[in-house]
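Enquirer: below: sequence and its predicted model.
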Amino acid sequence: MLRNKTIVLGITGGIAAYKAAEIASQLTQTGANVNVIMTEEALQFISPVTFRALAGRPVVTEMFDLASEFSIEHVSLAKAADIVVIAPATANIIAKLAAGIADDILCCTVLATEAPVLIAPAMETNMYTNPITRDNLAKLKARGFVIVDPATGWLASGREGLGRLADINDIIGSIRQVLGRGGDLAGRHIVVTAGGSHEPIDPVRYISNRSSGKMGYALAEAARDRGAKVTLITAPTSLPEPVGIDVVKVGTAQEMRRAVENVASRADALVMAAAVADYRPIKAAKDKIKKGKAGLTLRMECTPDILGTVKGKFVKVGFAAESNNLVENAREKLRQKGLALIVANDITANDSGFGSDTNRVTIIDRKGKVDSLPLLPKREVADRVLDRVVVLLPKPRSRRPKKL
Ligand code: CTP
């Protein structure tokens, strides 16, 4: 979705300027056109040559550069932009923008653009928490700027604190989210489940499965990037929490069921990518089970079938991890659980499924249509699944004009 988007990346003079190189690189790799603007102070921290090489485009550093490909630079850059991103944003640029000062190429571009503007502040804790900066940020936020809050961590002063540039994944996730506004899932609420549930045996042990959660997270991010409000109900995984998504962390199948039921009535679609344990120990031991000579027998009971029992008007999508008779087994699950779609994958294929970044799936619908997709990155599989969901959603209710 970033492919062919034109992004102005504004870099200001803070130590985190070096991290902007990674942002420029990642955006360029996704196929975006990245026009870098560097303020005079930013040039003290990192060379424009770095960005010229990473983005493969001229870097703008001054207001009137006769050698540049842009005519009147701030105007043409502002006009071409799908989004303007300032990362890192110093207290100074934030103050200037809040005051409407236009004394450098970056401020002028921001003032001249109709594109959304995203700001990722990075500065010393005291500067960030100073009421002046807080007020300036609040002002920009009220004017529609998107602020990616800084993180807590190691700062240039050698102290730990709030003010460190947000994680690059969060900045890029926010860019995707902003660009996805107005996408084909705008105004929809999509609930996605992910990961393998943990069913406790005792305080230190549990029963789970090999699900990494990657497919569910890819679905949640893809739905977000198409404009949806997304709730991700996730069993424990090692994946970073995605930005712009309501994340509900659960452990057991029972907890997942409760979380799904809490949000289902407001959902337009439920996509159950989680690998829910089918059995759980009848009773988890209160204390750690001690090693004995006689071995151990666990008495298990069935967990609730979340997808099979959850009620509501939303589009229900299930996954089927199968090791044999893929299509027949998946069809049977679709029928039994009353699904609109089922996404089946063959877990014996070693290039797809658990832990992998790719997946080879077959999507089956209620009419029996079988669509076998090639091996694809999970993110692309997610978009193909959502393409099918979109057409199943009821038309959004049009708002009646208010009577005068
Ligand atoms: N599922 C669920 N609740 C469960 C088990 C599974 O909601 N207790 C959901 C999964 O998230 C998935 C679909 O049902 O979307 C199919 O899961 P799968 O494990 O393939 O099927 P099961 O119904 O558990 O059947 P089996 O394990 O016998 O293949």
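Expert: Cool, the structure landed.

Enquirer: looking at this structure, which helix or strand is least sure?
Expert: Across the helices and strands of the chain, mean confidence by mean pLDDT, DSSP states H and E is lowest for helix 73-80: a mean of 86.

Enquirer: chain center to the next helix or strand after that helix: distance?
Expert: On the C-terminal side of helix 73-80, the closest following helix or strand by DSSP states H and E is strand 83-89. How far strand 83-89 lies from its chain's middle: 18 Å, per CA atoms, centre = their mean, to the nearest Å.

Enquirer: show me the contacts for residue 377.
Expert: Residues in contact with residue 377 (CB atoms under 8 Å, 6 or more residues apart in numbering) are 357, 358. In this view, the C-beta of every residue, glycine as well, is placed from N, C-alpha and C.

Enquirer: one more time with 10 Å
Expert: By CB atoms under 10 Å, 6 or more residues apart in numbering, the contact list for residue 377 reads 214, 218, 356, 357, 358, 359, 383.

Enquirer: export those residues to CSV and tack on neighbour count, secondary structure and pLDDT?
Expert: Shown next, in CSV, are the contacts of residue 377 (neighbours: other CB atoms under 10 Å; DSSP: H, G, I helix; E, B strand; the rest coil; pLDDT from 0 to 100):
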residue, neighbour count, secondary structure, pLDDT
214, 24, helix, 97
218, 25, helix, 98
356, 17, coil, 88
357, 13, coil, 92
358, 17, strand, 93
359, 25, strand, 92
383, 18, helix, 98
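
Enquirer: how about these, which pair is most distant?
Expert: Using CB to CB, those span at most 17.3 Å, a distance reached by 356 and 383.

Enquirer: would a markdown table of the contacts of residue 377 with distance to residue 311 be doable?
Expert: Supplementary listing: the contacts of residue 377 in a markdown table, determined by distance: CB to CB, whole Å:
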| residue | distance to residue 311 |
| --- | --- |
| 214 | 29 |
| 218 | 27 |
| 356 | 34 |
| 357 | 35 |
| 358 | 34 |
| 359 | 29 |
| 383 | 28 |
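
Enquirer: is the residue in the stretch 51-200 of the chain that the ligand sits nearest to in a helix, a strand, or coil?
Expert: Residue nearest to the ligand within the stretch 51-200 of the chain: residue 193 (6.2 Å; CB to the nearest ligand atom). Under DSSP: H, G, I helix; E, B strand; the rest coil, the three-state class of residue 193 is strand.

Enquirer: I'd guessed it sits against residue 261; true?
Expert: No: using CB atoms under 10 Å, residue 193 makes no contact with residue 261, being 12.0 Å away.

Enquirer: how much space between residue 365 and the ligand?
Expert: 15 Å (CB to the nearest ligand atom, to the nearest Å).

Enquirer: so what's the residue of the stretch 51-200 of the chain closest to the ligand up against?
Expert: Taking CB under 10 Å, 6+ apart as the test, what residue 193 contacts is 213, 216, 219-220, 231-235, 248, 250, 256-257, 259-260, 270-276, 306-307, 319.

Enquirer: could you pull out the helices for the chain?
Expert: 19-29, 48-55, 73-80, 91-99, 105-112, 125-129, 131-142, 168-180, 214-225, 253-264, 306-309, 326-336, 378-392 (DSSP state H).

Enquirer: buried sites along the least confident helix or strand of the chain?
Expert: Along helix 73-80, these residues count as buried under the neighbour rule (16 or more other CB atoms under 10 Å): 73, 74, 76, 77, 78.

Enquirer: for that helix, the distance to its chain's centre please.
Expert: 29 Å.

Enquirer: and stretch 381-389, by the same measure?
Expert: On CA atoms, centre = their mean, the centre of stretch 381-389 falls 16 Å from that of its chain.

Enquirer: could you find the closest non-adjacent residue to the residue of the stretch 51-200 of the chain closest to the ligand?
Expert: Counting by CB to CB, 6 or more residues apart in numbering, residue 193 lies nearest to residue 274, which is 3.7 Å off, once chain neighbours are set aside.

Enquirer: that neighbour and residue 214 touch, don't they?
Expert: No: applying CB under 10 Å as the test, residue 274 and residue 214 come out as separate, 12.0 Å apart.

Enquirer: what's the overlap in contacts for these two?
Expert: Joint contacts of residue 274 and residue 214 (CB under 10 Å, 6+ apart) are 194, 195.

Enquirer: from the contacts of residue 193, list the ones also adjacent to the ligand.
Expert: Filtering the contacts of residue 193 for proximity to the ligand by CB under 6 Å from any ligand atom leaves 272, 274, 276, 306, 307, 319.

Enquirer: buried subset of these, written for PyMOL?
Expert: The PyMOL selection below is limited to those of those classed as buried (16+ other CB under 10 Å):
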select buried, resi 272+274+276+306+307+319
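
Enquirer: residue 124: which of the ones next to the ligand among the contacts of residue 193 is nearest?
Expert: Nearest to residue 124 among those, with distances taken as CB to CB, is residue 274, at 41.9 Å.

Enquirer: ok, that closest one to residue 304 distance?
Expert: Distance, residue 274 to residue 304, using CB to CB, to the nearest Å: 13 Å.

Enquirer: can you pull the residues that touch both of those two?
Expert: Joint contacts of residue 274 and residue 304 (CB under 10 Å, 6+ apart) are 253, 256.

Enquirer: show me what contacts the closest residue to residue 255 other than its chain neighbours?
Expert: The shortest distance from residue 255 to any non-neighbouring residue, by CB to CB, 6+ apart, is to residue 197 (7.9 Å). Contacts for residue 197 (CB under 10 Å, 6+ apart) come out as 206-209, 211, 235-236, 250-257, 274-278, 280, 303, 306.

Enquirer: coming back round to it: could you tell me the least trusted of the helices of the chain?
Expert: Note on the helices of the chain: lowest mean pLDDT is at helix 73-80, with a mean of 86.

Enquirer: ok and that helix relative to helix 105-112, angle-wise?
Expert: 50 degrees (axes from the mean of the first three to the mean of the last three CA atoms, to 10 degrees).

Enquirer: if anything else comes up later, I'll come back, but that's it for now.
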